[in-house]
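A.B. asks: got a predicted structure here, sequence first:
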Amino acid sequence: MLQTAPLPSNVHLSVDSNGNPVHDLSFTSESIGMSVKNKCGWPRFGYGDTMGLDGQYTIRCKLGWGMHSSTWLAFDSLTSSSVAIKAPTGYMTEADKNDKTWEQDALWQLNYCDSPHSPHCFYSLNKFTLPGKPAKYFCMVTPLMGEDVRALCGQKPEPIALPIMKHILLHTLRGVAFAHSRGVVHTDIKANNIFFSNNMSTEDIEH
């Protein structure tokens with residue numbers, strides 16, 4: 001009799017609403033060793049690294065990572081505040097340089113047009129290019145956000161209260177409407193891309 005091999009520890013099997021099996025993969029960290037030629041090239045920052053003009057930003061820790069970038073907690077010495085630094089992979093930095101991505105253009109549309117940005121849309125505070133291993137990185141500095149909706153959903157087995165979900169949906173729709181008014185369309189709206197504001201002070205974060 002054939003025996004089924006056990007699933008790897010980072011594979012989680014579930015079933016969707018139609019009864020179809022769904023495999024989710026989880027990774028503790030990005031594949032640092034994969035090169036730009038492999039469409040990767042994640043940045044290798046460390047605690048205490050300084051970057052930006054005159055070393056304005058000091059890295060504290062990694063907040064997370066995705067397919068095309070990693071995000072880092074940093075201290076801004078100019079404003080004495082905590083910020084997030086989004087660093088695309090070397091591959092995506094090259095794509096940006098060759099005008100194959102539009103994130104910079106979209107953020108400009110949301111931030112720097114005729115009227116102020118919306119509090120319901122992600123925006124950048126600064127940007128810089130950083131020489132690094134294994135490539136140069138185009139980095140974006142953004143406000144430090146709180147957790148995302150997906151994390152909130154996972155905190156308790158019970159569904160999120162309806163008034164809270166209505167509030168989340170209202171603010172999400174306001175953000176979408178503002179983006180559309182600027183000619184920007186978000187193509188990846190999902191629970192882990194919808195963030196809450198951060199209410200922690202810099203002193204709380206530093207300690």
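C.D. replies: Received the coordinates, thanks.

A.B. asks: C-alpha only now, for contacts and for neighbours.
C.D. replies: Fine.

A.B. asks: the bottom helix or strand of the protein by mean pLDDT?
C.D. replies: The weakest-scoring helix or strand in the chain, judged by mean pLDDT, DSSP states H and E, is strand 21-25 (a mean of 56).

A.B. asks: now residue 101. Nearest residue, chain neighbours left out?
C.D. replies: Nearest residue to residue 101, sequence neighbours excluded (C-alpha to C-alpha, 6 or more residues apart in numbering): residue 95, at 6.1 Å.

A.B. asks: so residue 138 makes contact with residue 131?
C.D. replies: No: Residue 138 lies out of contact with residue 131 (C-alpha atoms under 8 Å); the separation is 9.0 Å.

A.B. asks: between these two, which one's more packed in?
C.D. replies: The residue with more neighbours, out of residue 138 and residue 131, is residue 138; 21 against 11, by other C-alpha atoms under 10 Å.

A.B. asks: quick check: which element contains the most centrally placed residue in the chain?
C.D. replies: Relative to the mean C-alpha position of the chain, the nearest C-alpha, by C-alpha atoms, centre = their mean, is the one of residue 71, at 5.9 Å. For residue 71, the host element (DSSP states H and E) is strand 69-76.

A.B. asks: and that strand, C-alpha only, in PDB?
C.D. replies: The C-alpha coordinates for strand 69-76 follow below in PDB (Å, rounded to 0.1, in the frame of the first residue of the first chain):
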ATOM      1  CA  SER A  69      10.300  44.000  -1.000                       C
ATOM      2  CA  SER A  70      11.100  44.100   2.700                       C
ATOM      3  CA  THR A  71      10.000  46.700   5.200                       C
ATOM      4  CA  TRP A  72      12.200  47.900   8.100                       C
ATOM      5  CA  LEU A  73      11.600  49.900  11.300                       C
ATOM      6  CA  ALA A  74      14.000  52.900  11.400                       C
ATOM      7  CA  PHE A  75      14.600  56.000  13.500                       C
ATOM      8  CA  ASP A  76      14.600  59.300  11.700                       C
END
